[in-house]
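> Provided below for reference: sequence and predicted model.
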Amino acid sequence: MSFFKKFFTKEKKEDLDQGLEKTKTTFLGKIGRAVAGKDTVDEEVLDELENILISSDVGLDSTVKIIERIEARVARDKYLNTSELNAILREEIVHLLAENNSEDLESYTLPSDNEPCVILVVGVNGVGKTTTIGKLAHQYQLQGKKVVLGAADTFRAAAVDQLGIWAERVGCDFYSKGMNTDPAAVAYETVDYAKKNGCDVAIIDTAGRLHTKFNLMKELTKIKRSVTKAEVTAPHEVLLVLDATTGQNAIEQAKAFTEATDVSALALTKLDGTAKGGVAIGITDTFRVPIKYIGVGEGIEQLQIFNKAAFVDSLFGDQMS
């Protein structure tokens, strides 16, 4: 049995299909209209496809790569039937994702064997950062891991409270010094708490709104340095959470955060609420950072491990056999 079939249960695949329904309907509908009445993929069809990819928030640079590859196939094969376009486009998107460090994980694997494994979570307010942390903690708890959540977003009382609610909901430990305390100190003490209390993983929330890129860099650098003081090998992962509904703005956010800190993985949330799911392709291609998780619904189990083949098959409406 292939990994695709083994890992994606019927329920998971249904969640993914439903999560990408808006993107799929818009995307395939536009392609269908572009090739209507045509037998072969010609320059006009490719121009239309380019517009479709850009309007689906794939991004200009990534779109150009895809179109150039399809053009090369047209030139090589001389005659490319429009009925083949979806299959070829799907292949090229999978290849693009594979080139950009997007590995298919088999479980919610910790990014390091170090104990505690320290994960810094970054992203702007409103992207679903706290919810993603809670859902990820839940998955680790299901594996029998002892988890502590650290509330280092101390600029908003709501952030501290929400993280505490999630910790209570999933039944994990929670470390906080309240609002208006030093985030770097909270990060350090969370790691120290994890070490003293036998935690397998510490997931640390960070501030989602710092008014300039300079402040963002300064704060994240300070937090990262503080974590390293507490555990020399930490952080073991810096997870950037992005909201798919914001489309190209998510790419701008990724640019700011990848410049501010060493982002090692992405979580793309709210795919079920947008027709802009193509942003997943553009983000990985632009920043060479793999998407690790995708949010396809509000349920606690609906933070899925990103699998490029499953993602693309759902995007094109195929069913798992």
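Thanks, I have the structure now.

> now the stretch 1-150 of the chain, which segments are flagged as low pLDDT?
1-8, 78-79, 100-106 (pLDDT under 70).

> what kind of secondary structure is the spatially most central residue of the chain in?
Compute the mean C-alpha point of the chain, and by Cα atoms, centre = their mean the closest residue is residue 267, 2.4 Å away. Recorded secondary structure, residue 267: strand (DSSP: H, G, I helix; E, B strand; the rest coil).

> repeat for residue 235
Assignment for residue 235 (three-state DSSP): coil.

> quick one: contacts for it?
118-120, 204, 224, 227-228 (Cβ atoms under 8 Å, 6 or more residues apart in numbering). Every residue, glycine included, has its C-beta placed from N, CA and C.

> go with 7 Å
The contact partners of residue 235, taken as Cβ atoms under 7 Å, 6 or more residues apart in numbering, are 118-120, 224, 227.

> gap between residue 309 and residue 42?
According to Cβ to Cβ, to the nearest Å, residue 309 stands 29 Å off from residue 42.

> all strands of the stretch 1-150 of the chain, in order?
117-122, 147-151 (DSSP state E, counting those that start in this stretch).

> now the ones you listed as JSON lines including mean neighbour count and distance to residue 134?
What follows is those, written out as JSON lines (neighbours: other Cβ atoms under 10 Å; distance: least, Cβ to Cβ, whole Å):
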{"stretch": "strand 117-122", "mean neighbour count": "26", "distance to residue 134": "11"}
{"stretch": "strand 147-151", "mean neighbour count": "27", "distance to residue 134": "8"}
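
> which one of the ones you listed lies closest to residue 240?
Closest approach to residue 240 among the strands of the stretch 1-150 of the chain is made by strand 117-122 (5.3 Å; Cβ to Cβ).

> quick one: contacts of that closest one?
Contacts for strand 117-122 (Cβ under 7 Å, 6+ apart): 110-111, 129, 133, 191, 200-206, 220, 223-224, 227, 231, 234-241, 257, 261.

> so how far is that strand off the chain centroid?
From the chain centre to the centre of strand 117-122 is a distance of 14 Å (Cα atoms, centre = their mean, to the nearest Å).

> that strand versus strand 147-151: what angle between them?
30 degrees (axes from the mean of the first three to the mean of the last three Cα atoms, to 10 degrees).

> partners of strand 117-122, with directions?
In the sheet, strand 117-122 lines up against strand 201-205 (parallel), strand 237-243 (parallel) (DSSP bridges).

> okay, these in TSV with mean pLDDT next?
TSV is the format used below for those (pLDDT from 0 to 100):
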stretch	mean pLDDT
strand 201-205	97
strand 237-243	95
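
> what's the most buried one of the ones you listed?
strand 201-205 (a mean of 29; mean count of other Cβ atoms under 10 Å).

> and the average pLDDT for the next helix-or-strand element following that strand is what?
Of the helices and strands lying after strand 201-205 in sequence (DSSP states H and E), the nearest is helix 213-230. Helix 213-230 comes out with an average pLDDT of 88.

> how far off strand 117-122 does helix 213-230 point, in degrees?
Using the same axes, to 10 degrees, helix 213-230 lies at 170 degrees relative to strand 117-122.

> confirm that residue 195 sits in a strand.
No: counting by three-state DSSP, residue 195 falls outside a strand, being helix.

> number of residues surrounding it?
15 (other Cβ atoms under 10 Å).

> the residue nearest to residue 201 when sequence neighbours are not counted and residue 312: what is the separation?
Nearest residue to residue 201 in three dimensions, chain neighbours excluded: residue 117, at 4.6 Å (Cβ to Cβ, 6 or more residues apart in numbering). From residue 117 over to residue 312 the distance is 30 Å, taken as Cβ to Cβ.

> ok, residue 156 next?
In terms of Cβ to Cβ, residue 156 sits 37 Å off from residue 312.

> residue 188 now?
For residue 188, the distance to residue 312 - Cβ to Cβ - is 41 Å.

> with residue 95 instead?
Counting by Cβ to Cβ, the gap between residue 95 and residue 312 amounts to 10 Å.

> higher neighbour count, the two?
A count of neighbours by other Cβ under 10 Å puts residue 312 above the other of residue 95 and residue 312, at 21 against 14.

> need the contact list for the more buried one.
90, 93-94.

> restricted to helices, list these.
Taking DSSP state H, the ones among these that sit in helices are 90, 93-94.

> any chance of those in a markdown table, plus neighbour count and distance to residue 172?
Below are the ones in helices among the contacts of residue 312 laid out as a markdown table (neighbours: other Cβ atoms under 10 Å; distance: Cβ to Cβ, whole Å):
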| residue | neighbour count | distance to residue 172 |
| --- | --- | --- |
| 90 | 16 | 39 |
| 93 | 23 | 36 |
| 94 | 16 | 36 |
